[in-house]
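1. coordinates only, sequence not included:
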């Protein structure tokens, strides 16, 4: 049973390797994850970068992974922001804005609005790198009625920095092991660990404060 499971894992890179199917799949997963934050898009990008690192030569596949992931993240953010703006103007679209506000904890939303007032659209860059930080900042932008053009000026570099960060994690994971499937597993593990540590720290901090 264990050997069968390992065999299935080894086949993953061949199935998701960048190519005629891999790049569209990468685009759809990242774009969908930007709209509905249930897909671990960072792990998807890191896994794709780990596979691309093992292709020969790796430069072009890595460049394509970066371009496809960054474009998908940007378009997903832009569409989500447009839907949020539409929600603020109409009853039919209010569901999107309501769902976004439900995902943003009140304290994080208040902090996001304060940072947005202090630093402007540059906060969008940091929000893309902080786990669960993107939605509160986006809701803060919507509540402040930020124009789409101004949002784009912050979202574009944010998506580029986010893609580069997770691609570097994928390259690191791919460079640690000789087999592509091992690099994918390492890259995904590093990505999930990087996202879990801040959340665990935030949960432990209130418990330690009374002590």
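-> Happy to help now that I have it. Quick caveat, the model's predicted, so the values are computed rather than measured.

2. lowest-confidence helix or strand of the protein?
-> When the helices and strands of the chain are compared on mean pLDDT, DSSP states H and E, helix 12-16 comes out lowest with a mean of 44.

3. For residue 55, what are phi and psi?
-> Main-chain torsions, residue 55, degrees, to the nearest 10: phi -80, psi 160.

4. Kindly apply the preceding question to residue 38 instead.
-> Torsion angles at residue 38 (phi, psi; degrees, to the nearest 10) stand at phi -120, psi -20.

5. where exactly do the helices run in the protein?
-> Using DSSP state H, the helices of the chain run over 2-10, 12-16, 22-35, 41-53, 59-89, 94-103, 106-119, 123-129, 134-143, 148-176, 180-208.

6. so of the ones you listed, which one's packed in deepest?
-> Among the helices of the chain, ranked by average contacts under mean count of other C-beta atoms under 10 Å, first place goes to helix 41-53 (a mean of 28). All C-beta atoms are positioned from the backbone trio N, CA, C, and that covers glycine.

7. and it, how far out from the chain's middle?
-> Here helix 41-53 is found 12 Å from its chain centre; the criterion is C-alpha atoms, centre = their mean, to the nearest Å.

8. looking only at pLDDT, what's the mean for that helix?
-> Mean pLDDT, computed over helix 41-53, is 89.

9. Can you spell out which helices and strands pack onto it?
-> With contacts taken as 3 or more C-beta pairs under 8 Å, 6 or more residues apart in numbering; DSSP states H and E, helix 41-53 sits against helix 12-16, helix 22-35, helix 59-89, helix 148-176, helix 180-208.

10. Pipe these into TSV and attach distance to residue 109 per row.
-> Below are the helices and strands packed on helix 41-53 laid out as TSV (distance: least, C-beta to C-beta, whole Å):
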stretch	distance to residue 109
helix 12-16	36
helix 22-35	19
helix 59-89	13
helix 148-176	17
helix 180-208	15
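
11. Return the member of the ones you listed having the minimum mean pLDDT.
-> Minimum mean pLDDT among the helices and strands packed on helix 41-53: helix 12-16, a mean of 44.

12. Tell me which of the helices and strands packed on helix 41-53 approaches residue 118 most closely.
-> Taking C-beta to C-beta, helix 148-176 is the member of the helices and strands packed on helix 41-53 nearest to residue 118, at 13.9 Å.
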